[in-house]
Structures are given as C-alpha cells and as structure tokens.
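>>> Using only what follows, build the 3D model:
(one chain, ligands or ions: 1)
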Amino acid sequence: MNLQEAMRVRHSVRKYLPKPIEEEKVMLLKEEMARLSAESGLRFTLFLDEPEAFTGKLAHYGSFTDCRHYITVVGAKGREEDVGYYGEKLVLFAQQIGLHTCWVALTYNHRKIKAEIPQGEKLHILISIGYGANRGLPHKNKPMEKLCRMEDSGMPMPPWFQDGVEASMTAPTAMNQQKFLLTLMRDGVTVKAKALMGPYAAMDLGIVKYHFEIGVGDHPFHWA
Ligand SMILES: Cc1cc2nc3c(=O)[nH]c(=O)nc-3n(C[C@H](O)[C@H](O)[C@H](O)COP(=O)(O)O)c2cc1C
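Sure thing, here's the model as predicted:
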C-alpha cells in the first residue's frame, strides 16, 4: 500500500481486537519510531499490552474498546506542529503495515500512562494502535472553499494545489474541527498553511501539511 492509499483508507479506529501485534511488526514500528525520533527530536515510545490506559470513566466517554497498545509522543513545549507532522508519518506507516490507529489527546486514563517526561518537556499526545475490530468510517468534510484560498482570486486553481487540498481533507483533526486554511500565494508556488482558533489546531496543522505534501506528490512548491 503506498502513502496515497494509506492516507485515503485511514480512519480513526476506537474498537480493537484483543490481539497482540506480531514481533515482526513491532520491530518495523520500533525502527520507524527510532527514525522519526532522530529526525524530529521528539520521542516516540511504544507500549504493548497496557489495557489500563483506556479503562476508567474517560474511556467510557471516549468509547475505546479493547485498546491495549499505544504510542506516546513526548517533546518540548511549543513543538505541536511537529508532533502532528511526524506523528502522522507514523500513523500512515502503521496503516501501511496493516495496523489501525487513533490520535488521542484527551480520552485516556492519564494516571495509567507510563511515559517518562523529562523536565521542560510534555506528553503531547497518545496514538492508540492495534488491529481494529472495524476500519473506522470516513469523516465529514467542510466544503473545500472554506479550507483553501487563492491569494490571486482571479487565477484558476492549479490541479496540483487542488490535489494537495483534497489530501488535506482526509487528515484527522481534533474533534474533526478542520480549523485550517491553505492559501496559494500570488507567485503560484508558495503555500501558506494557517491554523485557525481551536484546541489542538497547531497539531492538526502538522498533520494537514503532511497530507498536503503526499497529495501534491512531485510537483514543486514550498511552504511560506
Ligand atoms: C490532535 C488530535 C486529538 C484527538 N483526540 C481525540 C481524543 O481524545 N479522543 C478520541 O476519541 N479521538 C480523538 N481524535 C480523533 C478525531 O476525533 C478524529 O481524527 C476526527 O474525528 C476525524 O476522524 P478520522 O480520524 O476518522 O478521519 C483526535 C485527533 C487529533 C488529530
């Protein structure tokens, strides 16, 4: 499965099969996490067979079922956009090797998490992972015109930019808020990505930017 496909079939999965992740896949995940940790300066850690992280009152509210594996993302404060960008790399990698995930900012049992958090850093987010009892469902989208803009409104939207925006629309965002705006600047090659007001909107923006890059593919452009 290539990244384009992984991006399109990925949905949040909150109901899992109570089964272990095979050793080979654990190795692949750990290699990818080590690579992403080195590249980003964030710390990705995999916790296996820890069902307590999703038990208790909050789990009820977040309605996770049989979730027993998760990844923590720890790093300096202010790195939210990078957490989104590199975390989504891991999420799509997991999808490519046949695993399902969900980004989880709130609905887990905070007291049961074993992540080590050095001083000055924070636990940014969890990513639940495992074999889904289902594959999740496509989310609702805002109309495309609410999510993107041409700085030069007289210019027709180039297909590569539209591909990028469509890919961004498949990105997971906190509470499916889609609080982002992608603007193609007048020069036709610079794209400005802006997080609008909303909880976790900066993290969402990192995720959205990664999807945009996948959607655009080889066409040259750069971020503002
Ligand atoms: C930063 C972030 C935080 C999230 N936190 C939670 C959460 O605490 N609990 C939960 O059940 N889902 C959480 N989600 C999942 C979103 O609700 C989900 O991505 C969104 O509804 C879109 O659905 P999709 O992922 O299936 O495309 C979070 C997603 C993101 C990106």
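
>>> Okay, domains of this protein per the record?
Per the record, the chain has its domains at 3-130, 144-218, by automatic domain parsing.

>>> Tell me the residues on the protein that lie near the ligand, please.
Those residues of the chain that sit near the ligand, judged by C-beta under 6 Å from any ligand atom, are 11-12, 14, 62, 102-107, 136, 139, 172-176, 200, 203-204, 207. For every residue, glycine as well, the C-beta is placed using N, CA and C.

>>> Grab the most central residue of this protein for me.
Glu88 (3.5 Å; C-alpha atoms, centre = their mean).

>>> residues touching that one, list them.
By C-beta atoms under 8 Å, 6 or more residues apart in numbering, Glu88 lies in contact with Ala171, Pro172, Gly206, Ile207, Tyr210, His211.

>>> Need the buried ones from those selected in ChimeraX.
Only the buried entries of the contacts of Glu88 go into this ChimeraX selection, using 16 or more other C-beta atoms under 10 Å:
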select :171,172,206,207,210,211
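
>>> any idea which of the contacts of Glu88 is closest to the ligand?
Pro172 (3.0 Å; C-beta to the nearest ligand atom).

>>> Would you mind measuring from the closest one to Gln95?
11 Å (C-beta to C-beta, to the nearest Å).

>>> Between the two, which contacts overlap?
Joint contacts of Pro172 and Gln95 (C-beta under 8 Å, 6+ apart) are Arg10.

>>> okay, now the nearest residue to Phe161 once chain neighbours are set aside: neighbour count?
Excluding the flanking residues, the one nearest Phe161 by C-beta to C-beta, 6 or more residues apart in numbering is Leu184, at 5.0 Å. Here the number of neighbours of Leu184 (other C-beta atoms under 10 Å) works out to 24.

>>> What's opposite Leu184 in the beta bridge?
Met150, Val191 (DSSP bridges).

>>> show me where this protein has helices.
3-9, 23-40, 57-62, 80-96, 144-147, 159-168, 201-216 (DSSP state H).

>>> With mean pLDDT as new columns, can those be given to me in TSV?
Below are the helices of the chain laid out as TSV (pLDDT from 0 to 100):
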stretch	mean pLDDT
helix 3-9	98
helix 23-40	98
helix 57-62	59
helix 80-96	98
helix 144-147	98
helix 159-168	98
helix 201-216	98
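
>>> would you turn those into CSV with distance to Arg68?
As requested, the helices of the chain are exported to CSV (distance: least, C-beta to C-beta, whole Å):
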stretch, distance to Arg68
helix 3-9, 23
helix 23-40, 13
helix 57-62, 12
helix 80-96, 15
helix 144-147, 35
helix 159-168, 31
helix 201-216, 24
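
>>> now for those helices, which one comes closest to His124?
Among the helices of the chain, the nearest to His124 by C-beta to C-beta is helix 80-96 (4.5 Å).
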